[in-house]
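The following block contains a protein sequence and its predicted model.
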Amino acid sequence: MNPGDGKYNFSDIEKKWQNHWEQNKTFSVSDESDKPKYYVLDMFPYPSGAGLHVGHPEGYTASDIVARYKRMNGFNVLHPIGWDAFGLPAEQYAIATGTHPAKTTQTNIDNMRRQIKSLGFSYDWNRQVDTTDEKYYKWTQWIFLKLFNSYFDETEQKAKPISELVKKLESEKLYVTPDGLLIASDPIQAISGEPIGAFKWFELDNQQQQEFLDSQRLAYEANVPVNWCPELGTVLANEEVIGGKSERGGHPVIRQPMRQWMLRITKYADRLVDDLELVDWAHSIKKLQTDWIGKSTGAEVDFAVDGFDETITVFTTRPDTLFGATYMVLAPEHPLVNVITTADKKKAVQKYQTAAQMKSDLDRTDLSKDKTGVHTGAFAINPVNNKKIPIWISDYVLISYGTGAIMSVPAHDERDHEFAKQFGLEIIEVVKPNNDKTIIPCFTGDGVAINSGQFDGLGTDEFKKQITEWLEDRAIGKKAVNYKLRDWLFSRQRYWGEPFPILHKEDGEIVALDESQLPLTLPEVENYAPAGTGESPLATIDSWLNVTLPDGTKAKRETNTMPQWAGSCWYYLRYIDPQNDAEPWNEEKEKYWMPVDLYIGGAEHAVLHLLYSRFWHKLLYDLGYVSTKEPFKKLINQGMILGSDGQKMSKSRGNVVNPDTVIANYGADSMRLYEMFMGPLEASKPWNMQSVEGVHRFLTKVWRLAIDIDTGRISSSVIDSPADEQTIKLIHQAIKKVGSDIENFHFNTAISQMMILTNHLVKLDSVPKQALKALIAILSPLAPHIAEELWQKLGEKNTLAYEPWPKYDELLAKEKQLELAVQVLGKIKDKIVVNADADEEQIKQIALASEKVTAAIAGKEIKKIIIIKSRLVNIVTE
RNA sequence: GCCGGAGUGGCGGAAUUGGCAGACGCGCGGGAUUCAAAAUCCCGUCAUGGCAACAUGGUGUGGGUUCAAGUCCCACCUCCGGUACCA
């Protein structure tokens, strides 16, 4: 061995321990243990061709530190990783090159796995999941079948098997109304015997029964408007449409209804809001979800159309402003538009409807600074005062919210106000502010009713209550709730996704595959491009598409595939029992591991992924497959890592940092430490390569503290003798602070504290072995490779991974002597040193004895002396 | 526009939640070691004035509460993130 050979060789050390952990299956975790469980989950990555980005390891490092810390504290820790591997990039690459997406995906997974492994995370690699693996998506399809075969029981507010609904219908506990609603045959509900106009189950023919059941399923088919590009022969996502043209090629895109699969997430809207109370998430994320769901309470009101039998129902949150409704607006797509439009207006209305159809949802909002609209020529009757009000159409009213129609109160709604100004419509004020005398042009707040007949003088809340009753008494309105949340459009016209386990019979009947027929795997195709008919490439594979059922009838497979969200909706459950081929997970194991104790991931998934998986979880809960109402107990969103220029990292800016480079130059431990040292986990912060060097220097310092770099053996200055008082104090302070900082996710200050301890230890002539061991132990969750290596060099045989977290003594961590600031009127005049156990009187005497203090208070009267033990003394003078 | 979050040295950030502002790290300046360099170590580093002890000011801006404010209250400015006519 040559001088210097024993220096900190991170590459060898890190490789050595990564191999050691792998070969010894150090982090493979058992489902049976006496220890308390702890489930730490990372948002699993999409295996992109670009590989890992420095943003990924931030969350992964944080969760790994917690996982390792919890292991050392006696928990049985489940810490898995997997691959969210369906996705557009692999499919686009397939369209361009003909390479099977599975092949691209596998290459990318291999690369990303190598990168993740090179960071030394303590994942249980036996539990990897891959959403594109048919052994995995078999169960994604299984959950889809659960959705398809369930309905939502409104009275119990939970999902139930649709077979139970059939039983209730057959036994005539429920009837079906002509407009497809369920009503109870219960005598309380239907006082005078049989509900009028409702059908008993046997009164419906087979097709009607099927149609009715389909209308109740949590997964259903519907015609919904999509971005259809005839030129490209495909449906486009909203992001792929720019200014009404396709992003690629610039071809026109129209909003066209097409057959799509939908999931009835809206049935869970209330529970998705209410159960946020049960989880420990950042307030801002909860609010984001609540706003997304957008529950609003108000009333539905029927307006008669003058000269027609039809009525138009509107939804309003302000029924108290009914007297101010001076006109009405329908969405251009509203079905009654064509019925009520007068002959002289037909042309203009149709022109407007076509124009609206050409615009995407985004354009309808973004580009229109001025309100547009057309009068239909028809009039409605305001039910509160029988006034005739004009009916307009305008694209500021959305067909997909509420009833697709509004009553317009231009005096108290900004959008209506703007519209009325634009077209010179009447504005009547019906609310005045509570205390304000001045009339505000468009007052949208609560106040007191005016110009509202017998309701004048009522406060907004009271008015709402009374008018709703008034409407209900006359059967022209009722209380109603609406949500911004829409049913989830669940189908994509793509190849690279989970196929739906659904068959369409020739007579139109929809049949689900039996669970025993799963998985329904993807066929091989020649060409990955869309079929051109709005269908996926699957529609072009006749051998896969056409099926003959056992009874001889012919059917076609569903050619849509599921969106990328599907696989990520439940992966945290599969980790619990990833090899199980008989069921998605074992019940006992689920009870043991769930819920996820800590979930770390990017804030970009704050709404959709978390909402969708909560929805699926609630379905599974209702059906008895999972034991918790909510899947994720605690959620942390790591902030974004920016380039050194403070900008978002991107190829075009040339500020992307590749983790491989950092690991090659400084090692995984330095990388991990730096990611955590940058600042608070949840904040976004810029990368600075020089600071990486800083934490690297710290690790080198720890290494030299323990190791003689010439021999590579434990340094002769490390001795087995008791530490001095100061050292003991710093050790105990460090154990305490690092532990509590990890529990609170303050990794940056935990590292600072270890630096303080190390800076002290290197100054000592001899290093007490116990001090060194404590430092290594508390460093190990953050920088596990160097810690394991030093631990071993100190003669320890076992991995540090399950070594108990060092204990600290509160008394020993305390300062014996305290330095207090002495202030006069809040300004520091001097500092004094007192014993930690000094009482207030003693502190006072010492403080007043200070020359600088006596000088400062000379000639003044002392009014008060404030003593904050261990902090300061403040002398208040006249 | 609306809703969140944040503004602290040259930079990243600390500050027991109302109690010594700037911990820790980067950078920078000076020094030691070295033939020299790298590495390492030591000293300094908020601003202004002063050789210095020290004094004064200082946490986006303006006001307020308090013995005491980065922290609490009111108004405003800037940046970042989300959202987009949801009646």
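Yes, it's here. Residues are numbered from 1 along each chain as shown, chains lettered A, B, ... in the order given.

Low-confidence regions, chain A specifically.
Scanning chain A for pLDDT under 70 picks out A:1-4, A:185-197, A:237-249, A:359-369, A:435-440.

any idea how far the spatially most central residue of it is from A:W281?
Compute the mean C-alpha point of chain A, and by CA atoms, centre = their mean the closest residue is A:A606, 2.8 Å away. According to CB to CB, to the nearest Å, A:A606 stands 9 Å off from A:W281. Where C-beta positions appear, they are placed from N, C-alpha and C, glycine not excepted.

The residue nearest to the centre of chain A and A:T290 touch, don't they?
No: counting by CB atoms under 8 Å, A:A606 stays clear of A:T290, with 11.5 Å between them.

roughly how far is stretch A:25-32 from the heart of the chain?
29 Å (CA atoms, centre = their mean, to the nearest Å).

Endpoint to endpoint, it covers what distance?
For stretch A:25-32, the first-to-last residue distance is 16 Å (CA to CA, to the nearest Å).

buried sites along it?
Neighbour counts over stretch A:25-32 (16 or more other CB atoms under 10 Å) mark A:26-27, A:29 as buried.

And stretch A:602-619, by the same measure?
Buried residues in stretch A:602-619, defined by neighbour count with 16+ other CB under 10 Å: A:602-603, A:605-606, A:609-619.

For RNA strand B, state which of those is nearest.
A:A603 (6.0 Å; CB to the nearest atom of the strand).

how much space between that closest one and A:L635?
Counting by CB to CB, the separation of A:A603 from A:L635 is 10 Å.

what's the overlap in contacts for the two?
Counting by CB atoms under 8 Å, 6 or more residues apart in numbering, the contacts common to A:A603 and A:L635 are A:I285.

Which residue would be the closest one in the stretch 51-200 of chain A to RNA strand B?
A:E58 (12.4 Å).

For that residue, give its distance to A:P686.
13 Å.

Quickly list what's touching both of these two.
A:I641.

Show the contacting residues for A:F10.
Neighbours of A:F10 in contact, by CB under 8 Å, 6+ apart: A:666-670, A:699, A:785-786.

and which of the residues you listed is nearest to RNA strand B?
The closest of the contacts of A:F10 to RNA strand B turns out to be A:L699 (CB to the nearest atom of the strand; 10.1 Å).

which ones are touching the closest one?
A:L699 makes contact with A:8, A:10, A:667, A:669-670, A:673, A:783, A:786 under the criterion CB under 8 Å, 6+ apart.

Look up phi and psi at it.
When read as degrees, to the nearest 10, the backbone of A:L699 gives phi -70, psi -40.

hang on, A:A355 in a strand?
No: per DSSP: H, G, I helix; E, B strand; the rest coil, A:A355 lies outside any strand segment and is helix.

Tell me how many other residues crowd it.
Here the number of neighbours of A:A355 (other CB atoms under 10 Å) works out to 13.

Quick check: the gap between it and A:V349.
According to CB to CB, A:A355 and A:V349 sit 11 Å apart.

now swap in A:K869 and tell me
79 Å.

and these two? which has more neighbours close in?
A:V349 (21 against 15).

my guess is that one contacts A:I393, does it?
Yes: judged on CB under 8 Å, A:V349 makes contact with A:I393 at a distance of 6.4 Å.

who touches both of those two?
Common neighbours of A:V349 and A:I393, using CB under 8 Å, 6+ apart, are A:337, A:374, A:376.

so where do the strands sit in the stretch 1-150 of chain A?
A:37-42, A:76-78, A:82-83, A:129-130, A:150-153 (DSSP state E, counting those that start in this stretch).

Nice, that's everything, thank you.
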